[in-house]
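Visitor: Quick one: sequence and predicted model below, then my questions.
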Amino acid sequence: MPAAVLGEAAVERALADLVPRLLAREPRAVARAITLTEDGGPAQRELIGRIYKDTGRARVVGITGPPGAGKSTLVDRLIRLCRHRGETVGVLAVDPTSPFSGGALLGDRIRMQGHATDPGVFIRSMATRGNLGGLARASRDAVDVLDAAGFDWVLLETVGVGQDEVDVVRSVDTVVLVTVPGLGDDIQAIKAGILEIADVFVVNKADREGVERAVRDLQMMLSLGEHGDWVPPILKTVASRDVGIAELVAAIEAHRSWLVESGELARRRRSHLRLRVETILKERVVATADRVLGVDREVERGFTQHSDPYRVADRLFHGVIEEESRTQEGRNEP
Ligand SMILES: Nc1nc2c(ncn2[C@@H]2O[C@H](COP(=O)(O)OP(=O)(O)OP(=O)(O)O)[C@@H](O)[C@H]2O)c(=O)[nH]1
Ligand SMILES: [Mg+2]
């Protein structure tokens, strides 16, 4: 039965069983909890409510960059290095471009299957199911799940090209942008949103021609942009041959230290919380407006009557307020 149709008692029963197992990092419970975050039903809300106090300890790192840049290969190498040091790793591979678990995700699973039997590693792919906006919400909830489960590292792999991907990656502590030599003008496409929020740059496939040029291009771009007292380093890696991985981990850790010492970590996390609250609020207002009056219906009416957009929004908003006070009264009745 999908979570969305579970009653309150059923949600209670399911979570009473699930949450302790999740906090003990039991793989099946972790997987189940992430499925709940994807479903977005009442159980998802209640789940986050119960585990949120156990979050905030993981080092959350976004690995983003154009398709085929070597993100999954890098993630695989990072897992290996962290496991070597006795640290646990949770990975979310978010693919906003494919509505189903398609070829790329399957590829990720195969590439990382060396870790399949290791309980210190959890790898999960998330796809959009046709709702791009919902993906940022779901992936952020899934990061909470991995964080609460006690993974030392949470790595979020996503293709970094459009706004939705920027939203997904915006809510991590450290953003690693992976590029490759010879991107040429394609770098302009990435520049749009991700370049501004990258904390560490990686030129992967440094075994190819044009590495120095790629590094120079990035340096140029960085010198033009504004940044505070953290200057994003530019690293060269050959992920497929395990070259430069220790340096990458060192750079991520240096960034982490800076975040903590400068107070930027608290500032970022506060702004991430704000972003999530805003998203939830908007989704809720729109959903309620749609349920009580019908957004399309009101828009149609406004269009016919040539009402201005503020008036249409006002009417919908009043509908939301009335509905909310009705539910509140219902709750207050003995
Ligand atoms: N020559 C070379 N090839 C690499 C390197 N790193 C990864 N590759 C290869 O590049 C291809 C793509 O690597 P992936 O790790 O799947 O790249 P990705 O960025 O995760 O790709 P998507 O998830 O599909 O966007 C694979 O065939 C890798 O073996 C590298 O440093 N040098
Ligand atoms: Mg990949």
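Guide: Cool, the structure landed. From a predicted model like this one, the values you see are computed outputs, not experimental measurements. Numbering: from 1, shown residues only. Ligands and ions are numbered 1, 2, ... in the order given.
Visitor: which sections of the stretch 1-150 of the chain are below the confidence cut-off?
Guide: 1-6, 95-114, 127-133 (pLDDT under 70).
Visitor: so which strand or helix has whichever residue of the stretch 1-150 of the chain sits closest to ligand 2?
Guide: Residue nearest to ligand 2 within the stretch 1-150 of the chain (Cβ to the ion): residue 72, separated by 3.3 Å. For glycine as for every other residue, the C-beta is placed from the backbone atoms N, C-alpha and C. In this assignment (DSSP states H and E), residue 72 forms part of helix 71-84.
Visitor: if we can go back for a sec, pretty sure the residue of the stretch 1-150 of the chain closest to ligand 2 is touching residue 158, no?
Guide: No: with contact defined as Cβ atoms under 8 Å, residue 72 does not count as touching residue 158 (11.0 Å).
Visitor: the more surrounded of those two?
Guide: Counting neighbours by other Cβ atoms under 10 Å for residue 72 and for residue 158 shows that residue 158 has the greater number, 27 against 23.
Visitor: That one looks like it's in a strand, true?
Guide: Yes: counting by DSSP: H, G, I helix; E, B strand; the rest coil, residue 158 is found in a strand.
Visitor: Next, the contact list for the closest residue to it other than its chain neighbours, please.
Guide: Closest residue to residue 158 apart from its sequence neighbours, by Cβ to Cβ, 6 or more residues apart in numbering: residue 94 at 4.3 Å. By Cβ atoms under 8 Å, 6 or more residues apart in numbering, residue 94 lies in contact with 125-126, 135, 139, 156-158, 165, 168.
Visitor: Then residue 262?
Guide: 229-230.
Visitor: Can you tell me the SS state at the residue nearest to residue 158?
Guide: Going by three-state DSSP: residue 94 is strand.
Visitor: List the beta-bridge partners for it.
Guide: Note on residue 94: beta-bridge partners by DSSP bridges are residue 126, residue 158.
Visitor: Please report how far it lies from ligand 1.
Guide: Distance of residue 94 to ligand 1, computed by Cβ to the nearest ligand atom, to the nearest Å: 10 Å.
Visitor: Against residue 183, how distant is that residue?
Guide: 21 Å (Cβ to Cβ, to the nearest Å).
Visitor: Ok, residue 158 next?
Guide: Residue 158 is 18 Å from residue 183, by Cβ to Cβ.
Visitor: same question, residue 118
Guide: As judged by Cβ to Cβ, residue 118 and residue 183 stand 34 Å apart.
Visitor: same deal with residue 122?
Guide: Taking Cβ to Cβ, one finds residue 122 at 32 Å from residue 183.
Visitor: for residue 139, same thing?
Guide: 25 Å.
Visitor: swap in residue 200?
Guide: Distance from residue 200 to residue 183, by Cβ to Cβ: 17 Å.
Visitor: Could you do residue 70 as well?
Guide: For residue 70 relative to residue 183 (Cβ to Cβ), the value is 13 Å.
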